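S.K.: this one's sequence-less:
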């Protein structure tokens, strides 16, 4: 399926039932639902339901259940993944364990990350971006480019 990458940063508030609205311009890929879960960083991930299996496979490849680190990571990611349908306002619920992992209170930032969305506590995201800026965005880009060389 050819679709545009999910991008941008969007300020959101959780409602009294701990639901967050997926920004309207990003909702189309989520028509069949979403998987909401813990993610690798201290944030949450929201993936179109039909793309969850592919994302896990593409990101982590064939992890062996005999490898302790692989098994722990897969257990963590899959234990914290919840399939959900969006309501009529395009909202998904963030269960308590997910909110705790992400440090999510009443406010959140939804960040487009290509094939998926990340949900961040605004202060945590600001800290990570500030650290990247201090390191130098171009320095990081050069280091990553050299890995592929």
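M.R.: That came through, no problem. Treat the numbers as computed from the prediction; the structure is a model and nothing was measured.
S.K.: Quick check: residue 50 touching residue 32?
M.R.: Yes: with contact defined as C-beta atoms under 8 Å, residue 50 counts as touching residue 32 (5.4 Å). From N, CA and C alone the C-beta is placed, and that goes for glycine too.
S.K.: Off-centre distance for the longest helix anywhere in the chain?
M.R.: Using DSSP state H to define each element, the chain has its longest helix at helix 122-135. On the basis of C-alpha atoms, centre = their mean, to the nearest Å, helix 122-135 sits 17 Å off its chain's mean C-alpha point.
S.K.: which parts of that helix are buried?
M.R.: The neighbour-count check on helix 122-135 (16 or more other C-beta atoms under 10 Å) flags 122, 124-125 as buried.
S.K.: before we move on, what about stretch 65-75?
M.R.: Buried, per 16+ other C-beta under 10 Å, within stretch 65-75: residue 74.
S.K.: Show me which of residue 50 and residue 32 is the more surrounded one.
M.R.: Each of residue 50 and residue 32 has its neighbours counted (other C-beta atoms under 10 Å); residue 50 has more, 15 against 11.
S.K.: Name the SS class of that one, please.
M.R.: Following DSSP: H, G, I helix; E, B strand; the rest coil, we place residue 50 in the helix state.
S.K.: Quick check: it vs residue 136, distance?
M.R.: Distance, residue 50 to residue 136, by C-beta to C-beta, to the nearest Å: 38 Å.
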